[in-house]
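[1] Need coordinates for the below:
(chains A and B)
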There are 2 protein chains.
Amino acid sequence: MQPKRQGRPPTIANARGRILEEAAAQFAREGYEGTSMDDIAESVGVTKAGVYHYFPNKKEIYEAIIVKTLEGLLRSVSAAIAQARDPEAALGTFMTAHADYFEEHHDAFLTMLVAFGGMQNVVMIAEAQKLRDDYEALLRNIIADGVSDGTFRQVDVRTSSRAVLSMLNWMARWFKPGHGRRASDFAKDYCDLLLGGIRT
Amino acid sequence: MQPKRQGRPPTIANARGRILEEAAAQFAREGYEGTSMDDIAESVGVTKAGVYHYFPNKKEIYEAIIVKTLEGLLRSVSAAIAQARDPEAALGTFMTAHADYFEEHHDAFLTMLVAFGGMQNVVMIAEAQKLRDDYEALLRNIIADGVSDGTFRQVDVRTSSRAVLSMLNWMARWFKPGHGRRASDFAKDYCDLLLGGIRT
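    You can find the predicted model right below:
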């Protein structure tokens, strides 16, 4: 990650970010095969040479979206749970903050989920896996803390953590932003269900 | 659905089924774009004309896999839960039977999940949506029965049903058949977690 700068970022950083954003929208709408470097250049409002200045090819843009999205997710959810007073609040905050990030960066998030398994650039694969592992560790630590302080039952940390992420990530399949309830409303329902269980 | 026949099915039905099976394996391995009618014909061991005898194009094969997989899933899980003695057993059986079907028809299941949203044939879309709706109703009825007979808390049926299907379907992202635990083992863990909840 780059150090935080004061004021307006330099044109080069801005253009890079806008390329990733517009490309994510195209990928989400048209798929990887259905998106060309021309389409991306046109939607950003730069020449194709301008896009090639930042990325050698379409695949690099695709994979950069994955890394940027995972970085943003990890940063955003970490900041949110830092405020939580106990493991139960932390779990709820993890789930709603994840859902908020997903909803706010919907195109990039969908691209990240679709593209993760087919990455080819070994450096970016390593980066993406590290970010994913750190993110999963964040959640597992919340559950492990709750088990050890007695807030949670002696649940299996891996199973519980996988259950949480499955419910959140599967939203990508059916949730449409801007139609009534927020993603975080569904995340909250899931959290209540998971905490309390179904059985009487 | 065709009526069940005694003995070996006629060559025509057999060839159709084998085309769908081999095509699902190719789609799962190479993706839709990466699979040609030639590849499918070769893997089945028939001429390309032989494949065209059953399906006018690759897209029809793709969509026929979706419908066939949903039919099989609905039939298989319905049969399993018909034996369950109460809503709690039914929920567990729904989840493990789903996981078994997913594991046993892994390529077709992945193809179905990937392809469902992009269907184009209106007749097959209607069929697939009907099968999916019937399948979801099966699960919602189990949960509603449990709520009304007091086995389950007054949980929201839609939320709970979506939670169950999210956990089961997300397995497509990480579960690899033939490496240790069965999909149904994970499904059982999820079911125990959901029933009992995380909170002490």
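[2] Can you tell me how far the residue nearest to A:Tyr54 when sequence neighbours are not counted is from B:Lys188?
    Counting by C-beta to C-beta, 6 or more residues apart in numbering or on different chains, A:Tyr54 lies nearest to A:Arg16, which is 5.0 Å off, once chain neighbours are set aside. All C-beta spots, glycine's among them, are computed from the backbone N, C-alpha and C. Distance, A:Arg16 to B:Lys188, using C-beta to C-beta, to the nearest Å: 47 Å.
[3] cool, and A:Glu88?
    To B:Lys188, A:Glu88 is 25 Å away according to C-beta to C-beta.
[4] next one: A:Leu138
    27 Å.
[5] Let me know whether the lengthiest helix in chain A sits next to chain B.
    Using DSSP state H to define each element, chain A has its longest helix at helix A:122-148. Yes: judged by C-beta under 8 Å from any C-beta of the partner chain, helix A:122-148 and chain B are in contact via A:143, A:146.
[6] what sits against the residue in chain A positioned nearest to chain B?
    Residue nearest to chain B within chain A: A:Gly197 (2.4 Å; C-beta to the nearest C-beta). Applying C-beta atoms under 8 Å, 6 or more residues apart in numbering or on different chains, one finds that A:Gly197 lies in contact with B:153, B:193-199.
[7] Repeat that for A:Ala23.
    With contact set as C-beta under 8 Å, 6+ apart, A:Ala23 has these partners: A:35, A:40, A:43, A:61-62, A:65.
[8] That one: which element?
    Using DSSP states H and E, A:Ala23 sits in helix A:11-30.
[9] With A:Leu113 instead?
    Using DSSP H and E, A:Leu113 sits in helix A:106-115.
[10] and that helix with helix A:11-30, angle?
    Using axes from the mean of the first three to the mean of the last three C-alpha atoms, to 10 degrees, the inter-axis angle of helix A:106-115 relative to helix A:11-30 is 70 degrees.
[11] Model confidence for A:His179, exactly?
    pLDDT for A:His179: 88.
[12] so it sits in a strand?
    No: using DSSP: H, G, I helix; E, B strand; the rest coil, the secondary structure at A:His179 is coil, not a strand.
[13] What are the phi and psi values at A:Arg199?
    Backbone torsions for A:Arg199, taken as degrees, to the nearest 10, come to phi -70, psi 150.
[14] so it makes contact with B:Arg153?
    Yes: if you go by C-beta atoms under 8 Å, A:Arg199 and B:Arg153 touch, sitting 7.2 Å apart.
[15] Leaving out the residues flanking it, which one is nearest to A:Thr69?
    A:Met112 (4.2 Å).
[16] okay, now the closest residue to A:Phe116 other than its chain neighbours: neighbour count?
    The spatial neighbour of A:Phe116 that comes closest, neighbours along the chain excluded (C-beta to C-beta, 6+ apart), is A:Ile66 at 5.9 Å. Counted by other C-beta atoms under 10 Å in any protein chain shown, the residues lying close to A:Ile66 total 26.
[17] Now do the contacts for A:Ile66.
    Contact analysis of A:Ile66 by C-beta under 8 Å, 6+ apart lists A:111-112, A:115-116, A:119, A:124, A:128.
[18] A:Val164: which element?
    Following DSSP H and E, one finds A:Val164 within helix A:157-174.
[19] Tell me which helix or strand comes right after that helix.
    Note on helix A:157-174: by DSSP H and E, the next helix or strand toward the C-terminus is helix A:183-196.
[20] In terms of secondary structure, what does that following helix contact?
    helix A:87-104, helix A:157-174, helix B:157-174, helix B:183-196 (3 or more C-beta pairs under 8 Å, 6 or more residues apart in numbering or on different chains; DSSP states H and E).
[21] For the last one, give the mean pLDDT please.
    The reference is to helix B:183-196. On average, helix B:183-196 scores 98.
[22] Enumerate the residues of chain A near chain B.
    With C-beta under 8 Å from any C-beta as the criterion, chain A meets chain B at residues A:33, A:88, A:91, A:117, A:143, A:146, A:150-153, A:155-156, A:159-160, A:162-163, A:165-167, A:169-171, A:173-174, A:186, A:189-190, A:193-200.
[23] 6 Å - rerun?
    Contacts of chain A with chain B, taken as C-beta under 6 Å from any C-beta of the partner chain, map to A:33, A:152-153, A:155, A:159, A:163, A:166-167, A:169-170, A:189-190, A:193-200.
[24] of those, buried ones?
    Buried subset of those (neighbour count, 16 or more other C-beta atoms under 10 Å in any protein chain shown): A:152, A:155, A:159, A:163, A:166-167, A:169-170, A:189-190, A:193-195, A:197-199.
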